[in-house]
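[1] Predicted coordinates and the sequence they were generated for:
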Amino acid sequence: MRKVPNNRAWWLVLPVFILVAFSALIPLMTVVNYSVQDIFGPNAAYFVGTDWFREVLRNESLQASLGRQVVFSTAVLLIEIPLGIGIALLMPTGGKRASLCLILLAIPLLIPWNVVGTIWQIFGRGDIGLFGRFLNEIGINYNYTADPVDAWFTVLLMDVWHWTPLVALLCYSGLRAIPQAFYQAAEIDRASRWAVFRYIQLPRLKSVLVIAVLLRFMDSFMIYTEPFVLTGGGPGSSTTFLSQTLTTMAVGQFDIGRAAAFSLVYFLIVLLVSWLFFTAITYPDRDK
Amino acid sequence: MAEIQLNSLAHSYSRHPEGPGDYAIRQMSHTWHKGGAYALLGPSGCGKTTMLNIISGLLAPSEGDVMFDNVRVNELSPKDRNIAQVFQFPVVYDSMTVFDNLAFPLKNAGFPKAKIQAKVEEIAAILELEPVLRKKAKGLTADEKQKVSMGRGLVRDDVSAILFDEPLTVIDPQLKWKLRRKLKQIHEQFNITMVYVTHDQLEASTFADKIAVMYDGQIVQFGTPRELFERPNHTFVGFFIGSPGMNLIDVSVTEQGVRFDDIDVPLDDGHKQRIAATGSSNIKLGIRPEFVQLTAAPADDTWPCNILDVEDLGTYKIVTLQLGEQRLKARIDEDQAISGDTVHVGFPRQWLKVYVDEFLVDEQTEEAQS
């Protein structure tokens, strides 16, 4: 059978092209445009090639910021993923108690991000904050505005509080999707609790874990609002993460060329790491 | 290997059962002897799977005891009962290879590596799983998955019993027959107590030495395929076993015997006394289509009746008859000629069974079971 070429069908795809162009391609190209030029005014733009990129990559404050960002995201993933799985495993499987747990878990997710920052800012204060006051009362010298370790601890704790429920909810839904027959078979096969987790639950959680890991990586890698409200990036620059550095550069210093070049690098890092995670988690599934 | 005894067992899924209708298994006792190959046959929803899960320990019975070799095991988990069970739908651990799937129960029991290797290879050979042994279980066909699922039950030769819950439902008819033979072979080879749940009488009789027929939460008869055919202990067994099932006719008591639709069927004194003793009015006559006699000429104890339909099934014919208001089926040989609209029908005494309250009344039993 000979195919009849009908190029008019392309018109049907056009709306999508337009939509994607306006939502992603054109804004992105604007950034690319800024990143290769030095612009002084409407008619005074000079092509500078890769100068901004080279400068950005050598910039020490950006490197330090990137370092902190990597440590932060790693810590977030290492804490929240196992903790989320653990919570999901401990949750009741049905009935009123399950509903109660789900509601309690969902609460942190419903709070606006800057409110989360504010809550912890007050909660951690040594004078009026329940948490900060408590720590100080039992003899621990805690002051997140002055001590970088305390500041890190608080930012991490806040993120764990805010986002572990997301991981837990995803895992919980994944666990509920495992048919009862698997548990019965495992019981008959005399599998230990650990074997059930390792060979039945974990493999079947894989698809939700891909989502959880990717979401938590991307979100934590781009975190801005909460630490900005909580510590303002301080003390010093100890909790200044990448997006805050970028914002300061673009909006505070109006350094558009550098900020554009840096945005692209930032974007590529997120893309690359996400791809690595996705490949690493789904790789064992492929049949050789 | 163990003898499995069920003592006054009953199970209800509701917490406060009120009537007998709330029970999935009505109170009963039963023994599965050591090393036997048994089938548990019954229609969907009669409690077969419930009983299997109670034996394996996945379910705790609401009443009664489960005994393995005279030891009460009600509180023991499947793990401690050391029992294998194969489910209706294949359960494979899809992140593992076929080999690891088969080795899983052995690894959990802590067998040495060499023994695991040998045992897995032996079972894989029997089930013809060798070509896929190194493949991930995820990519297998439904047939292969079910074979893996069965294999996991069969690798353990130290088990008390292996329970099969309609394991061949999802399998192709061709392979079904083959696997059934395989199971039988495995049974002969290892002599493990096996209980095979099915709703297919053919499957039950090819696999098992003795069949337990279950109906409405009770085992109504336990016997060889032949016993089930020749002496159905319950109207349900008569109806369920055989194709077509037993002819059952509602009758009322008379002086000489019983009657229906102006037709008198004389009975011997033993039967009459026993029927009278029960005082029940739920009396049925049953005769298998295979035993209904058809003759062209009238004789003693025959009745003329109309032929409604003759189905020729190639190797035999099924004749539908009208006797009084009743429809009867008769199964006759392919070469037995049948012509005209009427024929004379006779019921050989030895094959004519009497049922009171659905249970068989006959000379050999001391009293009707209830």
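    Perfect, I can see it now. Numbering: from 1, shown residues only, chains lettered A, B, ... in the order given.
[2] Only C-alpha atoms from now on, for both contacts and neighbour counts.
    Fine.
[3] can you tell me the average pLDDT over the longest helix seen in chain B?
    In chain B, with assignment by DSSP state H, the single longest helix is helix B:173-190. Averaged over helix B:173-190, pLDDT sits at 83.
[4] between the next helix or strand after it and helix B:173-190, how many degrees?
    Following helix B:173-190 in sequence order, the next helix or strand is strand B:194-198 (DSSP states H and E). Taking axes from the mean of the first three to the mean of the last three C-alpha atoms, to 10 degrees, one finds strand B:194-198 and helix B:173-190 inclined to each other by 160 degrees.
[5] Next one: strand B:194-198, is it in contact with chain A?
    No: on the criterion C-alpha under 8 Å from any C-alpha of the partner chain, strand B:194-198 is out of touch with chain A, staying 15.1 Å away.
[6] Quick one: mean pLDDT over that strand.
    Rounded mean pLDDT across strand B:194-198 is 89.
[7] CA atoms of the helix or strand following it as CSV?
    Along the chain past strand B:194-198, the next helix or strand (assigned with DSSP H and E) turns out to be helix B:201-207. Output in CSV follows, covering the C-alpha atoms of helix B:201-207 (Å, rounded to 0.1, in the frame of the first residue of the first chain):
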residue,chain,number,x,y,z
GLN,B,201,-14.6,-32.1,37.4
LEU,B,202,-12.3,-33.4,34.6
GLU,B,203,-9.4,-31.6,36.2
ALA,B,204,-10.3,-33.0,39.6
SER,B,205,-10.6,-36.6,38.4
THR,B,206,-7.4,-36.6,36.4
PHE,B,207,-5.4,-35.2,39.2
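[8] contacting residues around helix B:201-207?
    Applying C-alpha atoms under 8 Å, 6 or more residues apart in numbering or on different chains, the external contacts of helix B:201-207 come out as B:37-41, B:180-181, B:183-184, B:196-198, B:211, B:225, B:241.
[9] Same question for stretch A:66-80.
    For stretch A:66-80, contacts defined as C-alpha under 8 Å, 6+ apart pick out A:156, A:159-160, A:163-164, A:167, A:213, A:216-217, A:220-221, A:238-242.
[10] Residue 139 - how many residues pack around it?
    By default, I'm working from chain A. By other C-alpha atoms under 10 Å in any protein chain shown, 9 other residues sit near residue A:139.
[11] My question was about chain B, not that one.
    By other C-alpha under 10 Å, the residues close to residue B:139 number 15.
[12] if we can go back for a sec, relative to residue A:15, which of the contacts of helix B:201-207 is nearest.
    residue B:198 (57.3 Å; C-alpha to C-alpha).
[13] beta partners for the closest one?
    Beta-bridge partners recorded for residue B:198 (DSSP bridges): residue B:41.
[14] quick one: the helices in chain B?
    Along chain B, counting by DSSP H, helices occupy B:48-56, B:78-81, B:98-108, B:113-126, B:142-154, B:173-190, B:201-207, B:225-230, B:235-240, B:269-278.
[15] And the third one, what does it pack against?
    Helix B:98-108 is packed against helix B:113-126, helix B:142-154, with contacts defined by 3 or more C-alpha pairs under 8 Å, 6 or more residues apart in numbering or on different chains; DSSP states H and E.
[16] Deepest-packed of the ones you listed, please.
    Burial of the helices and strands packed on helix B:98-108 is given as mean neighbour count (mean count of other C-alpha atoms under 10 Å in any protein chain shown); helix B:142-154 ranks first at a mean of 23.
[17] got a list of what residue A:222 touches?
    A:242, A:243 are the contacts of residue A:222 under C-alpha under 8 Å, 6+ apart.
[18] Apply 10 Å and report the result again.
    A:69, A:73, A:216, A:241, A:242, A:243, A:244, A:266, A:267, A:270 (C-alpha atoms under 10 Å, 6 or more residues apart in numbering or on different chains).
[19] hang on, the earlier thing: any chance of the helices of chain B in TSV, plus distance to residue B:310?
    Shown next, in TSV, are the helices of chain B (distance: least, C-alpha to C-alpha, whole Å):
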stretch	distance to residue B:310
helix B:48-56	36
helix B:78-81	52
helix B:98-108	52
helix B:113-126	45
helix B:142-154	39
helix B:173-190	29
helix B:201-207	24
helix B:225-230	23
helix B:235-240	20
helix B:269-278	34
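[20] Can you report how many residues neighbour the residue in the stretch 1-150 of chain A positioned nearest to chain B?
    Per C-alpha to the nearest C-alpha, residue A:95 is where the stretch 1-150 of chain A lies closest to chain B, at 16.4 Å. The number of residues packed near residue A:95 is 8, by other C-alpha under 10 Å.
[21] do you know how far it is from residue A:101?
    According to C-alpha to C-alpha, to the nearest Å, residue A:95 stands 10 Å off from residue A:101.
[22] Residue A:219 now?
    Residue A:219 is 24 Å from residue A:101, where distance means C-alpha to C-alpha.
[23] From residue B:192, how far off is residue B:185?
    To residue B:192, residue B:185 is 11 Å away according to C-alpha to C-alpha.
[24] Please identify every residue contacting each of those two.
    Counting by C-alpha under 10 Å, 6+ apart, nothing touches both residue B:185 and residue B:192.
[25] Residue ranges in the stretch 1-150 of chain A under the pLDDT threshold?
    A:1 (pLDDT under 70).
[26] can you pull out the strands in it?
    Along the stretch 1-150 of chain A, counting by DSSP state E, counting those that start in this stretch, strands occupy A:37-41, A:44-47.
[27] tell me the contacts of the spatially closest residue to residue A:133 that is not a sequence neighbour?
    If the residues on either side of it in the chain are set aside, residue A:133 comes closest to residue A:126, at 4.6 Å by C-alpha to C-alpha, 6 or more residues apart in numbering or on different chains. By C-alpha under 10 Å, 6+ apart, the residues touching residue A:126 are A:132, A:133, A:134, A:135, A:136, A:137, A:141, A:142, A:143, A:144, A:145.
[28] Run through the bridge partners of residue B:355.
    According to DSSP bridges, beta-bridge pairing links residue B:355 with residue B:284, residue B:360.
[29] Might one say that it is in contact with residue B:361?
    Yes: using C-alpha atoms under 10 Å, residue B:355 is in contact with residue B:361, at 5.6 Å.
[30] just so I know, which of the helices and strands packed on helix B:98-108 lies nearest residue A:49?
    Checking the helices and strands packed on helix B:98-108 against residue A:49 by C-alpha to C-alpha gives helix B:142-154 as the closest, at 59.2 Å.
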